[in-house]
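Enquirer: Structure here, sequence nowhere to be found:
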Ligand SMILES: O=C(COP(=O)(O)O)[C@@H](O)[C@H](O)[C@H](O)COP(=O)(O)O
Ligand SMILES: [Mg+2]
Ligand SMILES: [Mg+2]
C-alpha cells in the first residue's frame, strides 16, 4: 500500500511560503519606524498612489481591446502638447483616488493648468501631490513602456490666492517622490528620504510586493540616453560631449522615448540620461516640479547625481508651476564627465 505525505507542498506553494511578502504600505510604515498618525498618513498616501497606478496598469494592459484607450482626445494641454486619452484617464484616476482619501489638499499635474483643490481635505490634508500622470505618452499607441512620476510636498502657509505659490521652492522640500513604470511588469519605486525601494506588481495578488530595498545606482555605467535627433539644436558643448562618448569603447546609446523607462534602466544598471537645453528651447523639455525634481530626489538617495549642467536639480527654484529645466541625471562619474564639458 502506498501512502501520501500530506505535509509535502507543490514547488509553487513552497516558493510562495518562502518569499518575502512585504507590501508597499507595510514597507512605508517600517521605513518611518513610528506608528503615529503621520506615518499612517504617508503609508496610506503611497498606497493610494499605488491604487491609481494599478488602475492605469490594468487599462494599459488591455488598451488595444478598449474603445477609448488609445489615440488623442483632440485637446491641447497647458504645455501645448496634444492630450492622449490615456493622459486624461490617468489624470482623472489620480484625482479620484485622492478625492475620497482625506490625505491630499491639492494635486498639480502636467495635464492641469492650475492645481486642483479638494477643499474638504484642506483642513486636515497637509500634502500636495505633484504628478505626471503618463510620462512618455507618445509610446502608448505603440505598446511601449510608459510611466507615472510623482512628488509629495507639504503645504506651507495658507495659500489664500489659490495659486499654490508655496510650491515654487527647491526639490529639497519634497517629502516623498517616485515613479510607476508600466513595462513588461509594473513597478513602483519610491523614496521618503530613507533610500530608494522598488516593488513589483503581482497581478494575481493585486499588490505591489517588495523586490529590491536600498537600490544604489552604480558609480558608472556604459549607457547614455539622449535624443540624438536633437543634435542640430544642441549647444556645441553637448555635441562635443556626445562625440567624445562615440569614441569611447563600450558605450551604448539607449533611448526609449519615456523618461521613466530610461531613468529606470540607469538607476538599476548605471549610466547617464540627458535632456539638455536647446538653441530653440534653452530650458529643454522636462518639467521641474513633477519630472526632474522627483527623479533628482530618487537618484541622490541612490548615490547618483542630477544637475542642469550648472546647478544641482535639487537646488533649482521654479519660477512657475510648469517650469522646465535641462536635466542630466545618473551615475556619479557619468554625470561628472558630462558636466565637465559644460564648464
Ligand atoms: O518629456 C517627456 C514626455 O513626457 P510626457 O509624455 O509629456 O509626460 C519624456 O518622457 C520624453 O518624452 C522623452 O524623454 C522623449 O522625449 P523626446 O526625445 O521625444 O523629446
Ligand atoms: Mg513626462
Ligand atoms: Mg505626461
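Expert: Nice, I can see it. Since we're looking at a predicted model, the values are computed, not measured. Ligands and ions are numbered 1, 2, ... in the order given.

Enquirer: Return the residues of the stretch 1-150 of the chain in contact with ligand 1.
Expert: With C-beta under 6 Å from any ligand atom as the criterion, the stretch 1-150 of the chain meets ligand 1 at residues 81, 110, 132, 135, 136, 137. The C-beta positions use only the backbone N, C-alpha and C, and glycine is treated the same way.

Enquirer: Give me the distance between residue 97 and residue 120.
Expert: Using C-beta to C-beta, to the nearest Å, we find residue 97 at a distance of 15 Å from residue 120.

Enquirer: Compare the two (neighbour count), which wins?
Expert: residue 97 (22 against 12; other C-beta atoms under 10 Å).

Enquirer: can you map out the strands along the stretch 201-343 of the chain?
Expert: Listed in chain order, the strands of the stretch 201-343 of the chain (DSSP state E, counting those that start in this stretch) span 207-212, 223-225, 252-253, 272-275, 305-307, 327-330.

Enquirer: Flag every buried residue along the fourth one.
Expert: I take that to be strand 272-275. 272, 273, 274, 275 (16 or more other C-beta atoms under 10 Å).

Enquirer: out of these, which one sits closest to residue 199?
Expert: Closest approach between the buried residues of strand 272-275 and residue 199, by C-beta to C-beta: residue 273, at 21.9 Å.

Enquirer: Hmm, residue 294 and residue 300 touching each other?
Expert: No - using C-beta atoms under 8 Å, residue 300 makes no contact with residue 294, being 11.1 Å away.

Enquirer: So which of the two has more stuff around it?
Expert: For residue 300 versus residue 294, the count of surrounding residues by other C-beta under 10 Å is larger for residue 294: 28 against 22.

Enquirer: correct me, but the more buried one touches residue 153?
Expert: No - in terms of C-beta under 8 Å, residue 294 does not count as a neighbour of residue 153; the distance is 10.3 Å.

Enquirer: between those two, what contacts are shared?
Expert: Residues touching both residue 294 and residue 153 by C-beta atoms under 8 Å, 6 or more residues apart in numbering: 130, 174.

Enquirer: So for residue 4, what's the pLDDT?
Expert: Per-residue confidence at residue 4 stands at 49 (pLDDT).

Enquirer: Which helix or strand contains the closest residue in space to residue 264 that isn't next to it in sequence?
Expert: Leaving out its chain neighbours, the residue that sits closest to residue 264 by C-beta to C-beta, 6 or more residues apart in numbering is residue 181, at 5.2 Å. Assigned by DSSP states H and E, residue 181 belongs to strand 174-182.

Enquirer: one step back: just send the residues of the stretch 1-150 of the chain next to ligand 1 back as TSV, with secondary structure too.
Expert: What follows is those, written out as TSV (DSSP: H, G, I helix; E, B strand; the rest coil):
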residue	secondary structure
81	coil
110	coil
132	strand
135	strand
136	coil
137	helix
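
Enquirer: most neighbours, which of those residues?
Expert: residue 135 (29 neighbours).

Enquirer: So stretch 329-343, near ligand 1 or not?
Expert: No - for stretch 329-343, no contact with ligand 1 is found by C-beta under 6 Å from any ligand atom; the gap never falls below 11.4 Å.

Enquirer: Would you indicate which residues of that stretch are buried?
Expert: By neighbour count with 16+ other C-beta under 10 Å, stretch 329-343 contains the buried residues 329, 330, 331, 332, 333, 334, 335, 337, 338, 339, 341, 342.

Enquirer: domain parsing for this structure?
Expert: Domain segmentation of the chain under automatic domain parsing yields 11-212, 223-342.

Enquirer: Could you identify which of those domains is most buried?
Expert: domain 223-342 (a mean of 20; mean count of other C-beta atoms under 10 Å).

Enquirer: That domain near ligand 3 at all?
Expert: No - on the criterion C-beta under 5 Å from the ion, domain 223-342 is out of touch with ligand 3, staying 8.2 Å away.

Enquirer: who does whatever residue of the chain ends up closest to ligand 2 bridge with?
Expert: Residue nearest to ligand 2 within the chain: residue 135 (3.4 Å; C-beta to the ion). On the basis of DSSP bridges, residue 135 is bridged to residue 147.

Enquirer: give me every residue that touches it.
Expert: For residue 135, the contacting residues are 146, 147, 148, 149, 179, 258, 259, 260, 291, by C-beta under 8 Å, 6+ apart.

Enquirer: Identify the residue nearest residue 53 in space, chain neighbours excluded?
Expert: Using C-beta to C-beta, 6+ apart and skipping residues adjacent in sequence, the residue nearest residue 53 is residue 180, 4.0 Å away.

Enquirer: scratch that, residue 309 is what I was asking about
Expert: Excluding the flanking residues, the one nearest residue 309 by C-beta to C-beta, 6+ apart is residue 342, at 4.3 Å.

Enquirer: what angle do the helix ranked longest in the chain and strand 174-182 make?
Expert: Longest helix in the chain by number of residues (criterion: DSSP state H): helix 37-61. For helix 37-61 against strand 174-182, the angle by axes from the mean of the first three to the mean of the last three C-alpha atoms, to 10 degrees is 20 degrees.

Enquirer: any idea which helix or strand comes after helix 37-61?
Expert: strand 72-76.
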